[in-house]
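Q: The following block contains a protein sequence and its predicted model.
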Amino acid sequence: MSQEICNFDQIYQLGDSISDTGNLIREFPVGSSTPFARLPYGETFFKNATGRCSNGLLMIDYIAKDAGLPFLPAYKDRHADFKHGVNFAVAGSTALPSHFLAAKHNILSPTALFMVGEIGGNDYNYAIFQGKTMDELQSMVPEVVHAITNAVKRVISFGATRIVVPGNFPIGCLPIYKTAFHTNKSAAYDENRCLKQLNDFAMYHNQRLQQAIQKLQKDHPNAIIVYADYYNAYQYLLHFGKSHGFDTERACCGSGGKYSFNMTRMCGAPGVGVCADPGRFLSWDGIHLTQQGYKIMAEWLVHDIFTNLHCRF
C-alpha cells in the first residue's frame, strides 16, 4: 500500500500506551524513570528505548508505514519534524477530552488521518484494580464514551475529515488480568482461555461506542468516521498465534506464575528476564503486545480501516 492510494499526507494520534511513541518518557520529572525509558523496551527494532511500550514497533508505526508515511514523532520531541503529523498519545492517559490540542495544531490538510484512540482503556483498568464491581464499571461506560465522542467532535472542529476511533481490546485475554483474576472455575473462561466477564464488559463498551460513532457520522456527513475493531483484531491474533505455534499465554518479558506476570516485578525491573525469541510471543510485558503481535493486528486492521476510509487497493 502506498501514500497515493490513501492520499494521507499527515497522521495525528491521540491515545495511551498502545500508541505512545515517546511522550511519557519526556514528561518531567517522572518520564525518564519509567521502565519504558530503558531496555529491554525497544530492544528488537530500535536497539534502544524510544518510549514505546513494546520491544519494537507499535500498530501506529505499521499504519503510518502502510500509508507511505514516516513514523509519527512524539509531540514532546522538540527536535522532531511534524510535517507528516504528530503523536499526542501518552502512556497511562485516560479518555479525557483533547484539551491539550492547542489551536496552533489545527489540521491544515483535508487529507490528514486522525486516530482518536485507543483511549478509555485506562479509565477501566484503574477502576478494575480499585475493586469496582461490574455494575460500577458499566455505569462508567457512558461517561467514557462521551469523552471519546467529545474528542472526535473537537478534531472535526479542527478540520479533520477522516477519523478512526478504536474500540477496546478483549481485556480478559491479557496476562495482567488473567493473573489478577485467576480462578479454577472452568466456566469463567472462554475457548481462548480468556476471562468471559471481562471480555463481555469490553464488548459492552465497544457496542456503546459504535452506537455513538453512528450518531456522530449522521451529525457530521462531511467526515468519514470509522470504528477500528481492536476486539476482533485481537481475537484474530490469538487464533493466528495458536495455529502458527506462538506462545499466546505468557508474557515474553516478565517473571513468575502461569502467565510470566507479576505486578510487583514487571518488565524492566532488576532481575526480570526476557524470553529468547520475542518474535514467537504475542504479549510483551503482560499488558502490551510484542512487535510481532502488533504487526499481525495491524495487518488485519489496516485492510479493514483503509477500506472503510475509501482507500483504493
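A: Sure thing, it's come through.

Q: Buried residues, stretch 149-158. List them.
A: Buried residues in stretch 149-158, defined by neighbour count with 16 or more other Cβ atoms under 10 Å: 149, 151-152, 154-156, 158. Every residue, glycine included, has its C-beta placed from N, CA and C.

Q: That should have said stretch 17-28, apologies.
A: Applying 16+ other Cβ under 10 Å to stretch 17-28 flags 17-26 as buried.

Q: any chance of these in a markdown table, plus pLDDT and secondary structure?
A: Formatted as a markdown table, these follow (pLDDT from 0 to 100; DSSP: H, G, I helix; E, B strand; the rest coil):
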| residue | pLDDT | secondary structure |
| --- | --- | --- |
| S17 | 93 | coil |
| I18 | 95 | coil |
| S19 | 96 | coil |
| D20 | 95 | coil |
| T21 | 96 | coil |
| G22 | 95 | coil |
| N23 | 94 | coil |
| L24 | 93 | helix |
| I25 | 94 | helix |
| R26 | 93 | helix |
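
Q: What is the burial count for P142?
A: P142 has 11 neighbouring residues, counting by other Cβ atoms under 10 Å.

Q: let me redo that: C311
A: Count around C311 with other Cβ under 10 Å applied: 19.

Q: Distance of I63 relative to A228?
A: Distance from I63 to A228, counting by Cβ to Cβ, to the nearest Å: 10 Å.

Q: what helix or strand is I296 on?
A: helix 291-308 (DSSP states H and E).

Q: Give the buried residues for that helix.
A: Buried-residue list, helix 291-308, by 16+ other Cβ under 10 Å: 291-302, 304-306.

Q: closest to P110 among the residues you listed?
A: P110 has its nearest neighbour among these in F306, at 17.3 Å by Cβ to Cβ.

Q: Need the nearest residue in space to the closest one, chain neighbours excluded.
A: C6 (5.9 Å; Cβ to Cβ, 6 or more residues apart in numbering).

Q: do you know how far the one you found is from R26?
A: Distance from C6 to R26, counting by Cβ to Cβ: 30 Å.

Q: low-scoring stretches of the stretch 201-313 of the chain, by residue?
A: Filtered on pLDDT under 70, the stretch 201-313 of the chain yields the residue ranges 312-313.

Q: All the strands of it, residue numbers only.
A: Taking DSSP state E, counting those that start in this stretch as the criterion, the stretch 201-313 of the chain carries its strands at 224-228, 247-251, 281-283.

Q: okay, these, which one's buried deepest?
A: Per-stretch averages of neighbours, counted by mean count of other Cβ atoms under 10 Å, single out strand 281-283 among those, with a mean of 27.

Q: who's in contact with that one?
A: Strand 281-283 is contacted from outside by 174-175, 237-238, 241, 246-248, 250-252, 259, 275, 289-290, 292-293, using Cβ atoms under 8 Å, 6 or more residues apart in numbering.

Q: how does it look with 7 Å?
A: With Cβ atoms under 7 Å, 6 or more residues apart in numbering as the test, strand 281-283 has contacts from 175, 237, 241, 246-248, 250-252, 275, 289-290, 293.

Q: now stretch 258-271
A: Stretch 258-271 has contacts (Cβ under 7 Å, 6+ apart) with 35, 38, 40-41, 175-176, 178-179, 249-251, 253-256, 272, 285-286.

Q: Of those residues, which belong to helices?
A: Among those, the ones falling in helices (DSSP state H) are 175-176, 178-179.

Q: hang on, the earlier thing: can I get the strands of the stretch 201-313 of the chain in TSV with distance to F129?
A: Compiled in TSV, those are given as follows (distance: least, Cβ to Cβ, whole Å):
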stretch	distance to F129
strand 224-228	25
strand 247-251	17
strand 281-283	18
